[in-house]
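J.: Could you work out the structure for the sequence below:
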Amino acid sequence: MIPYGRQQISDADIQAVVEVLKSDYLTQGPAVPAFENAVAAYCGAGHAVAVNSATSALHLACLALGVRAGDFVWTSPITFVASANCALYCGAEVDFVDIDPSTCNISVQALAEKLHRAEQSGRLPKVVIPVHLCGLPCDMAEIHRLSKRYGFRILEDASHAIGGKYRDQPIGNCRYSDISVFSFHPVKIITTGEGGMALTNDSLLAKRMTLLRSHGITREAAEMTHEADGPWYYQQIELGFNYRMTDLQAALGLSQLKRLDAFVARRHRLAGFYRQYLAGLPVVPQSQPDDCYSAFHLFVIRLQNSDCKMPHREVFCRLRDAGIGVNLHYIPVHLQPYYRQRGFKPGDFPQAERYYAEALTLPLYPDLSEAQQLHVIATLRASV
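T.: Numbers count the residues shown, from 1 in each chain. Below is the predicted model of the structure:
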């Protein structure tokens, strides 16, 4: 089976992990801050906080931004459920903004219209979470402009997008957001096995996320309620979590980071090959605006169902039967049973639902061979 995504692990990656295994620190050692500093420097961000998953990073980011019961958080319905769940963990209410049919990212027009209505009803969001679907950045400058008009904070879910650029600047620099989050799951651009990271230019947000990722415990005398009992002393000053990244993971991430630009360049070549050989078929790839440089975590096409020989489901199954691990990213979050119980229903976000009826994720990863890609293209051509 050709998977839709796959990690690439080199001998250098393995050696980096072995070196940590032979060291004094498997966790809470020097590799984690080294990885944080390297990613922050790569992206041009002031601070980075490594954690055990992007889901944890989203949760910490919401907490740091003060999300709580009575607040509203908006995101895209075309994303993994974690982009919405993170607000619910804080007791807030979640709502969605429909997507742009061309980029499949959150629609700025729909966002502006929804903000206008929310202002009139007194239900403006505290935080908006744009999702860079497939690694393609949202229109962050316009979202940032709207944030100044309506007073919301911005949390970029850039889980797909490390190595991408917006207006020639690295995604993750937080120029247009308060916090950006990356994922290092094995199918992402670089991996730490599992893991994530939150980046920010705000030292106070970074400090709070760092505190909360490790049980809310501090060893800093200035943060304690009274003088330390001795050099062993620590205090829990908030209710935090065990969201730490291990040194084993960080060492792998540091090694992978050295190949990040090469990984993304390879993904662009593969995506270009798809776009060239799928031209003329009743499929439409995600558009690529001129001011965006996608990380191409995923290559998504939309079937023009009325012009296809087979229905969407049959095309999917035919490719799977041919040993091609296509996938569908994503089922609209508002259609999940849990969210339907919260009042959402079919028809609420029609562009997202139309996307779901048409979308197909084709295999894309650095080690995908030309022969494998040609097999994908030939099978798809015969199916649509």
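J.: Show the subsequent helix or strand relative to the helix or strand harbouring Glu113.
T.: Element membership for Glu113, per DSSP states H and E: helix 108-121. On the C-terminal side of helix 108-121, the closest following helix or strand by DSSP H and E is strand 127-129.
J.: Mind listing the strands that next one pairs with, and their directions?
T.: strand 72-75 (parallel), strand 153-157 (parallel) (DSSP bridges).
J.: Could you list the residues in contact with that strand?
T.: Residues outside strand 127-129 that contact it (CB atoms under 8 Å, 6 or more residues apart in numbering) are 58, 62, 65, 67, 71, 73-76, 83-84, 86-87, 97, 111, 143, 147, 152-157. Glycine gets a C-beta too; all of them are placed from N, C-alpha and C.
J.: residue ranges of the strands in the stretch 1-150 of the chain, please?
T.: 47-51, 72-75, 93-96, 127-129 (DSSP state E, counting those that start in this stretch).
J.: In JSON lines, list those along with distance to Phe299, mean neighbour count and mean pLDDT.
T.: JSON lines is the format used below for the strands of the stretch 1-150 of the chain (distance: least, CB to CB, whole Å; neighbours: other CB atoms under 10 Å; pLDDT from 0 to 100):
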{"stretch": "strand 47-51", "distance to Phe299": "28", "mean neighbour count": "27", "mean pLDDT": "98"}
{"stretch": "strand 72-75", "distance to Phe299": "23", "mean neighbour count": "24", "mean pLDDT": "98"}
{"stretch": "strand 93-96", "distance to Phe299": "24", "mean neighbour count": "21", "mean pLDDT": "98"}
{"stretch": "strand 127-129", "distance to Phe299": "23", "mean neighbour count": "27", "mean pLDDT": "99"}
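J.: what would those strands look like in JSON lines with distance to Ser180?
T.: Shown next, in JSON lines, are the strands of the stretch 1-150 of the chain (distance: least, CB to CB, whole Å):
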{"stretch": "strand 47-51", "distance to Ser180": "10"}
{"stretch": "strand 72-75", "distance to Ser180": "14"}
{"stretch": "strand 93-96", "distance to Ser180": "20"}
{"stretch": "strand 127-129", "distance to Ser180": "11"}
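J.: Quick one, which of these gets closest to Lys188.
T.: Closest to Lys188 of the strands of the stretch 1-150 of the chain, according to CB to CB: strand 47-51, at 14.3 Å.
J.: Please save the CA atoms from that closest one in PDB.
T.: Taking C-alpha atoms only, strand 47-51 is exported to PDB below (Å, rounded to 0.1, in the frame of the first residue of the first chain):
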ATOM      1  CA  HIS A  47       9.800  32.200  21.800                       C
ATOM      2  CA  ALA A  48       9.000  28.500  21.300                       C
ATOM      3  CA  VAL A  49       7.400  26.100  23.700                       C
ATOM      4  CA  ALA A  50       7.800  22.400  22.800                       C
ATOM      5  CA  VAL A  51       5.100  19.900  24.000                       C
END
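J.: residues near the nearest residue to Ala110 once chain neighbours are set aside, how many?
T.: Nearest residue to Ala110, sequence neighbours excluded (CB to CB, 6 or more residues apart in numbering): Asp98, at 4.6 Å. Asp98 sits with 25 neighbouring residues when counted by other CB atoms under 10 Å.
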